[in-house]
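Colleague: got a sequence here, can you model it:
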Amino acid sequence: MSDSEESVQTMPMQRRSRHALITNNEGSGDDMDDISSTASTILEDGSIHSDSAIPGGGKARYGRTKTRGKRKLQYKCSNFLKEDHGQPIFGIQINEHTKEDEPAMFASVGHNRVTIYELQEGGKIKLLQAYADPSTDENFYCCAWTYDDVTGQPLVAAAGLRGIIRIISPVAMQAIKHFVGHGIAVNELKFHPKDPNLLLSASKDHTMRIWNIKTDICVVKFGGVDGHRDEVLSADFNIDGSQIVSCGMDHSLKIWKTTTEEIQAAVRESYTYNRAKHNRPFPTVEQHFPDFSTRDIHRNYVDCVRWFGSFILSKSCENCIICWKPGGLHDTDFKPSDTMVTVLHRFDYKDCDIWYMRFALDFWKKKIALGNQLGRVYLWDIDTDDPALAKCTVLSHPKCITAIRQTAFSRDGDILLAVSDDASVWRWDRMKS
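Modeller: Sure thing, here's the model as predicted:
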């Protein structure tokens, strides 16, 4: 943690009553019974097209492509609720670390509130806890789940407008740590896929940082000389944590390798460093140069990016998610001097030309979900050899009419959650054939 952290006190979190938080029958799902036949509408938008790259540099345009033997994904709206603060909910994440015999939990963040729920059978949503930041000026934008590597207990990290990263323990029912370093808004949080203690934060200060939340140390700072030139809006680790992809308001996408000896040594040292013994701050690694950078994918703010195997999915406020990779189609690695990119496919949709609208990939990388500003959810089945054959389903509900800021899948992909600008949380359950 930086020296300035001492001026920020540990947040005393408040547990709020269930009745004060939810304005839709306590989220039980019972009120959906009388409208179950019209609760969800599955639309097939014939005007949506996809552009897919083909070897040789040409492009083929596809309409409503039909594939044999596979039905379109079908989900039904099983429940929704509204949080009492009435402000936009910007982030939602399901805890993917729960065991099979444990109920799934998810967290939503909006206003100065972090709210934790349990997903139950029959479409029900149970409120577990809610935490309010001491500052009414706080506005949480993002959250991420991890666990204590000793006790196995779940932990939630949340951050937003004020740039303070809170680590919350649902078991202790309080915020147990905080980190200050960015000094300004944090737009995304991601935990390392193999080390539950390493937290990546992307900020309005044009940088990203990796924190060791076990030892309270800022290990690496990405940015500077050749870093982002504006807010970093989104970032993601690849499957083994060896690379980070980032994007932001400067229209650029950058890839940073975490396998350099300098970074690996800093990670190791962060576990053994004793501030009292060394009598000096931890020597945070400053990585000024990304290993790859491009501005050729999007022409506007890039507000969401995710790894898709060795490919990358990214979106801007241009009504499409683009699947691409650095270098040529068959290149297995890239060099910092490379400028070539290969676009493999475009997933097109409608009415999503405002920024900070984030899509979700399910755990097994078989589905993509994105909400638009009219309250519809676009759902693609990407479990196919050719992305041009990915089928698109549009989910809608007559009461969901405001911008959906983020979506999230359960680990098995059978539950889809969405959060909206009108403080509502929506649950969609997959309909099995």
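Colleague: helices along the protein, start to end?
Modeller: 18-21, 261-272, 275-278 (DSSP state H).
Colleague: could you dump these into a markdown table and include mean pLDDT, mean neighbour count and distance to residue 138?
Modeller: In this view, the C-beta of every residue, glycine as well, is placed from N, C-alpha and C. Shown next, in a markdown table, are the helices of the chain (pLDDT from 0 to 100; neighbours: other C-beta atoms under 10 Å; distance: least, C-beta to C-beta, whole Å):
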| stretch | mean pLDDT | mean neighbour count | distance to residue 138 |
| --- | --- | --- | --- |
| helix 18-21 | 38 | 14 | 17 |
| helix 261-272 | 97 | 14 | 27 |
| helix 275-278 | 80 | 9 | 28 |
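Colleague: any chance of those helices in JSON lines, plus distance to residue 212?
Modeller: JSON lines is the format used below for those (distance: least, C-beta to C-beta, whole Å):
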{"stretch": "helix 18-21", "distance to residue 212": "33"}
{"stretch": "helix 261-272", "distance to residue 212": "4"}
{"stretch": "helix 275-278", "distance to residue 212": "13"}
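Colleague: compare those helices and give me the one nearest residue 110.
Modeller: helix 18-21 (11.8 Å; C-beta to C-beta).
Colleague: to residue 417, which of the helices of the chain lies closest?
Modeller: With C-beta to C-beta, the closest approach to residue 417 among those belongs to helix 18-21: 16.6 Å.
Colleague: show me what the residue nearest to residue 211 when sequence neighbours are not counted bridges to in the sheet.
Modeller: Take residue 211 and drop its neighbours on the chain: the residue closest to it by C-beta to C-beta, 6 or more residues apart in numbering is residue 199, 4.6 Å away. Following DSSP bridges, residue 199 is listed with bridge partners residue 191, residue 211.
Colleague: so what's residue 199 up against?
Modeller: Shown in contact with residue 199 (C-beta atoms under 8 Å, 6 or more residues apart in numbering): 144, 146, 157, 165, 189-192, 210-213.
Colleague: residues in contact with residue 312?
Modeller: 245, 253, 305-306, 323-326.
Colleague: farthest-separated two in those residues?
Modeller: Across these (C-beta to C-beta), the longest gap, 15.1 Å, separates 306 and 326.
Colleague: just to revisit the earlier point, closest one of the contacts of residue 199 to residue 350?
Modeller: residue 190 (28.6 Å).
Colleague: rewinding a little: out of the helices of the chain, the one nearest residue 175 is which?
Modeller: Between residue 175 and those, the tightest spacing by C-beta to C-beta is seen for helix 18-21, at 18.1 Å.
Colleague: if we can go back for a sec, tabulate the contacts of residue 312 (CSV), appending neighbour count.
Modeller: Below are these laid out as CSV (neighbours: other C-beta atoms under 10 Å):
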residue, neighbour count
245, 22
253, 27
305, 26
306, 23
323, 21
324, 21
325, 19
326, 23
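Colleague: coming back round to it: so for the residue nearest to residue 211, what's the pLDDT?
Modeller: On pLDDT, residue 199 comes in at 98.
Colleague: now residue 102
Modeller: pLDDT, residue 102: 88.
Colleague: now swap in residue 410 and tell me
Modeller: The predicted local confidence for residue 410 is 96.
Colleague: who does residue 158 bridge with?
Modeller: residue 143, residue 166.
Colleague: pretty sure residue 109 is one of the things it touches, is it not?
Modeller: Yes. Under the criterion of C-beta atoms under 8 Å, residue 158 makes contact with residue 109 at 5.4 Å.
Colleague: give the residues shared as contacts by these two.
Modeller: Applying C-beta under 8 Å, 6+ apart, one finds that residue 158 and residue 109 are jointly contacted by 91, 140, 142-143.
Colleague: the residue of the chain most remote from its centre and residue 95: what is the separation?
Modeller: In the chain, the residue that sits farthest from the middle, by C-alpha atoms, centre = their mean, is residue 277; the gap is 38.1 Å. Distance, residue 277 to residue 95, using C-beta to C-beta, to the nearest Å: 36 Å.
Colleague: what's the answer for residue 391, then?
Modeller: For residue 391, the distance to residue 95 equals 29 Å [C-beta to C-beta].
Colleague: the two: which has the busier surroundings?
Modeller: residue 95 (24 against 19; other C-beta atoms under 10 Å).
Colleague: my guess is the more buried one meets residue 145, correct?
Modeller: Yes. Here residue 95 reaches residue 145: they are 4.2 Å apart, a contact under C-beta under 8 Å.
Colleague: which residues do the two both contact?
Modeller: 107, 154.
Colleague: count of neighbours near residue 169?
Modeller: Residue 169 - counted by other C-beta under 10 Å - has 17 other residues nearby.
Colleague: enumerate every residue touching it.
Modeller: For residue 169, the contact set (C-beta under 8 Å, 6+ apart) comprises 153-155, 175-176.
Colleague: of these - the most surrounded one?
Modeller: Ranked by the number of neighbours (other C-beta under 10 Å), the contacts of residue 169 place residue 155 first, at 25 neighbours.
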